[in-house]
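Novice: sequence and predicted structure, then a few things I'm wondering about:
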Amino acid sequence: MIPLGLGQGGSLLVGHRDTGRTGWICVPCVPLVALQRGPLGRCFRTKPPDTSSLLPDAKNFLESIWMKDLQLAHQQGLVITGSTKVQEFEPRAFIAILLSADVGPSTKKVFESSNSGLETFVINKTSKQLSRQFNSGPRSVVGLMSGRTTQSLLNTLRERVSLG
């Protein structure tokens with residue numbers, strides 16, 4: 001569920017609950033509501049807000065959530081970074097693998113083919129952007145171990161992927 005709010009001029013705010021009127025939207029409904037303004041007008045009991053930015057704003061909101069979860073999972077020791085380190089572990093140690101947008105084709109092939117049963121996500125972050133999350137050098141491969149934080153991260157990633 002994604003929180004929605006109305007700004008000062010009646011503009012739609014995605015991810016904000018601290019405004020006057022608020023509402024929630026489920027992720028599968030975002031593309032549908034982005035095409036028709038009526039349901040949000042009923043939700044906020046006002047003139048329907050412009051929904052043209054709903055889809056990109058929802059994507060950005062979900063991305064910020066999973067990035068926060070990734071940082072928290074790293075602090076909790078549930079993240080292994082770097083292709084060499086990830087390959088040293090048994091595949092069953094992980095629940096998912098994240099690959100950066102600029103991962104090399106050979107590395108991508110290794111992780112997409114050898115980790116049968118593991119979800120593998122190519123995320124919209126470069127290895128340098130990922131390295132900032134971990135205060136390390138560039139990392140194009142991230143292994144996620146099981147935990148509440150990583151499960152939440154995976155759920156958010158799946159929702160983000162469902163929006164395209």
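Specialist: Cool, got the structure. Numbering: from 1, shown residues only.
Novice: point to the helix or strand of the protein where mean pLDDT is at its lowest.
Specialist: Within the chain, confidence by mean pLDDT, DSSP states H and E is lowest for helix 38-44 among all helices and strands, at a mean of 72.
Novice: my read: residue 11 touches residue 48, true?
Specialist: No. Contact criterion CB atoms under 8 Å: residue 11 and residue 48 do not qualify, at 11.8 Å. Every C-beta, even on glycine, is put in place using the N, C-alpha and C of the backbone.
Novice: the more surrounded of the two?
Specialist: The residue with more neighbours, out of residue 11 and residue 48, is residue 48; 16 against 12, by other CB atoms under 10 Å.
Novice: that one against residue 40, yeah?
Specialist: Yes. If you go by CB under 8 Å, residue 48 and residue 40 touch, sitting 5.6 Å apart.
Novice: for the lengthiest helix in the chain, name the packing helices and strands.
Specialist: Looking across the chain with DSSP state H, the single longest helix is helix 54-75. Applying 3 or more CB pairs under 8 Å, 6 or more residues apart in numbering; DSSP states H and E, one finds that helix 54-75 makes contact with strand 2-6, strand 12-14, helix 30-35, strand 79-81, helix 127-134, helix 148-162.
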